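S.K.: just a sequence and a predicted model for now, questions to come.
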Amino acid sequence: MPEGSRAPTAPSPSVYAIAAHRGFADALVAGLVPRYADPVLGLARLTLLLPSRRTVRTVTEAFVRHAGETSEGDGATGLLLPRMAVVGDLDLDETLGPLLDPLGAADIPPACDPTHRWLRLAHYLREVEGAEAGKGPALLRRAWEIGRTMDRLLVEGIAPIDLMSEDVIAIVGDLAGHWANNTRTFLKVQQYWIAEMARRGEIDAPERRNRLFEHTARRWSEAPPAYPIVAAGVTSASPALARLLRVVSELEHGAVVLPDLDLTLDTAVWDELGTAGAPEEAGDPPFGRHDAVTHPQYHLKLLLNRMGIARGEVRPWHRSGLAAGPSERSRAISNLFLPPRASAAWVRLKPEQRRLSDVRLMESAHPGAEAQAIALLIREALEVPERRVALVTPDRGLAGRVVAHLERWGIEADDTAGQPLPQSPAGRLFLLLAQVLAEQGAPIPLVALLTHPLAGSGEGRARWLEAARKLDLALRGP
């Protein structure tokens, strides 16, 4: 290097955070449009890396809302959306396509079929344990759990043999014997499966996922793409994905946007969350015994540590969404989830730092009254034009009752969980057919099958039902 010249400095990462009260999708779109939109091509040159297909749909709807708001009165009717790719799922070949360039990564073997792997793991489990492995649903359930464990280890980049290390054995304590026996079984089954994959020239889907991430990170580092790339909403802290996000954050036109990262959290509270993959001394385990792994911010801290980025380098996103709430709400939620030692300060907080604005508590006598009250609140909120309402609940029974109440008033609710198969006409038909076979043509399921709307449909439907009713009367006896 010539005397007096300076070595090129590494580009500073572009990492942003959208506060919880701002509404992630709408705030993201409000900031992307002025930053990356082209007068002719719109956002077509932008590539968004999103965590799931549901996020793709949510962000797409946010783009539509933003376009409707900005085009009022100017006659605009078109909208060119960015390319949105999913990086949180395992089936990357379908979702990312040429973005991660599987054709250019010809040295990466194809992924195995998950159903084939499930059945083969069950077979190898019987080979290892014999009759003690069980059979039928119990055997398949154990094989499924073994497959999930294999996937988790591959995503985290943990060698299976590490499960037998002294550090892990010391953590499980009194259960060390049980842990060792089950781990030996797991390792034997996995070795059988690895040998089969080697013969077939395949690898597990998470392993292919990691290799594609590493291939893309290396390619983008050597030859940065000419088009902008933004990773938004990704919270998966897998090492391979974290390295890819680091590369994206250092691209000239790239950025990483994190959801709900609390930039106002005190440094002492942030440190109390634990090591989170960044041990203080070499040789220490990546996760401490007292890490607050259940804290909402812990996974984001783990992601930042694996990206090699300090929280102080993260900047707040510069735009708010259409559905932004009061900032006091984020502060109250942050104080609500304080770690154990920091939570002692709760009693000294001011009322405005503990109170959730516009949040009410409702007590119901029974589930029916609860669903009706929620439906009435939704109907009242929808009387305001352009207002959107979301009901978030893990109770599928409650969601179904609310949807039924809304249908009475002509309100069609979009249930993102979908419709259970037994409640769909086609699913009910197949279940009735299986019941008829299982009960050897018993009268009740047989008549129910014959009178199903999808059975005997067409022009001869009337004669079909008439014959089914005659059979019903004949089967009833004298």
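M.R.: Thanks, I have it.

S.K.: report the separation between Ile333 and Gly456.
M.R.: 56 Å (Cβ to Cβ, to the nearest Å). The way it works is simple: take the backbone N, C-alpha and C, and place the C-beta from them, glycine included.

S.K.: hmm, I was thinking of Val402
M.R.: For Val402, the distance to Gly456 - Cβ to Cβ - is 35 Å.

S.K.: helix or strand with the lowest mean pLDDT in this protein?
M.R.: Here the helix or strand of the chain ranked lowest by mean pLDDT, DSSP states H and E is helix 92-96, holding a mean of 52.

S.K.: the more surrounded of Val402 and Gly456?
M.R.: Ranked by neighbour count (other Cβ atoms under 10 Å), Val402 and Gly456 place Val402 first, with 24 against 16.

S.K.: restricting to C-alpha, output the helix or strand encompassing Ala332 in PDB.
M.R.: According to DSSP states H and E, Ala332 maps onto helix 327-336. These are the backbone C-alpha positions of helix 327-336, laid out as PDB (Å, rounded to 0.1, in the frame of the first residue of the first chain):
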ATOM      1  CA  SER A 327     -46.000   6.000  22.200                       C
ATOM      2  CA  GLU A 328     -47.000   5.500  25.900                       C
ATOM      3  CA  ARG A 329     -48.200   2.100  24.900                       C
ATOM      4  CA  SER A 330     -44.700   0.900  23.900                       C
ATOM      5  CA  ARG A 331     -43.300   2.300  27.100                       C
ATOM      6  CA  ALA A 332     -45.900   0.600  29.300                       C
ATOM      7  CA  ILE A 333     -45.400  -2.800  27.500                       C
ATOM      8  CA  SER A 334     -41.600  -2.400  28.000                       C
ATOM      9  CA  ASN A 335     -42.000  -1.800  31.700                       C
ATOM     10  CA  LEU A 336     -44.500  -4.700  31.900                       C
END
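
S.K.: by contact count, what packs against that helix?
M.R.: Judged by 3 or more Cβ pairs under 8 Å, 6 or more residues apart in numbering; DSSP states H and E, helix 327-336 is in contact with helix 351-354.

S.K.: list the contacts of the helix or strand following the helix it packs on.
M.R.: Following helix 351-354 in sequence order, the next helix or strand is helix 367-382 (DSSP H and E). Residues outside helix 367-382 that contact it (Cβ atoms under 8 Å, 6 or more residues apart in numbering) are 362, 364, 387, 389, 391, 397-398, 401-402, 404-406, 409, 411.

S.K.: any low-confidence regions in the chain?
M.R.: Counting by pLDDT under 70, the ranges of the chain that qualify are 1-10, 69-78, 89-105, 164-179, 281-285, 321-326, 352, 354, 356-357, 477-478.

S.K.: tell me which stretches of it form strands.
M.R.: Taking DSSP state E as the criterion, the chain carries its strands at 15-18, 47-50, 83-86, 229-232, 254-259, 315-316.

S.K.: tally of neighbours for Arg360?
M.R.: Arg360 is flanked by 6 other residues according to other Cβ under 10 Å.

S.K.: so it versus Ile374, what's the distance?
M.R.: According to Cβ to Cβ, Arg360 and Ile374 sit 12 Å apart.
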